[in-house]
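Student: Dropping the sequence and predicted coords here.
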Amino acid sequence: MLPSKTFLNGLAPDQQLEIFEMPGIRDPGEEVPTSIARIAAHYLAQLKAAYPEGPILLGGVCSGSLIAIEMAAQLADAGAAVITIEADGADDANCLAAAKVEATLLEPVVMIHRFYRLAEALARRLGRDPDRPRNLRKVTETV
């Protein structure tokens, strides 16, 4: 499945996009991985060849999201700093937890609060000051 035109138009002009294809789709002689872990390892080998250093943003649609989660896990196991967005990661400092609240109108508020905490952690991890972002005049202070 290819990304929609709306998605592609939303990418920054200098942002690169890699789309993976299941091994064996075009070449019947190519070995087809038999597990999500093996598919993820295959895609990571391609990704690392093209982008030996991060940051890398992973995403997926349908079964591709399961593969992206496995790719993130393999990167983390290899020592990479990984931040994820998950429904059940509320207690994990490296996870932007999707909101689970009774009042649906509060979901964006809960999510954005968690996002700002994650953005601060990421900025500090990258050696940057979250209160003095480059190319942006910030009017709030992180507390």
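Tutor: In hand now; what should we look at?
Student: which residue ranges form the strands in this structure?
Tutor: Counting by DSSP state E, the segments of the chain that form strands are 84-86, 95-97.
Student: for the last one, what is the average pLDDT?
Tutor: Averaged across strand 95-97, pLDDT comes to 51.
Student: same question, the first one
Tutor: Confidence for strand 84-86, expressed as mean pLDDT, is 59.
Student: The chain should start at 2 in everything you say after this.
Tutor: I'll keep to 2 as the first residue from here, and by that count the last item is strand 85-87.
Student: Need the outlier residue of the chain, farthest from its centre.
Tutor: Gly30 (31.8 Å; Cα atoms, centre = their mean).
Student: Torsion angles phi and psi at it?
Tutor: phi -80, psi -10 (degrees, to the nearest 10).
Student: do you know how far it is from Pro24?
Tutor: Counting by Cβ to Cβ, to the nearest Å, the gap from Gly30 to Pro24 is 11 Å. Glycine gets a C-beta too; all of them are placed from N, C-alpha and C.
Student: same question, Ala46
Tutor: From Ala46 over to Pro24 (counting by Cβ to Cβ), the distance is 11 Å.
Student: quick one: which of these two has more around it?
Tutor: Pro24 (16 against 9; other Cβ atoms under 10 Å).
Student: can you give me the helices in this protein?
Tutor: In the chain, the helices defined using DSSP state H lie at 6-10, 37-51, 64-78, 108-126.
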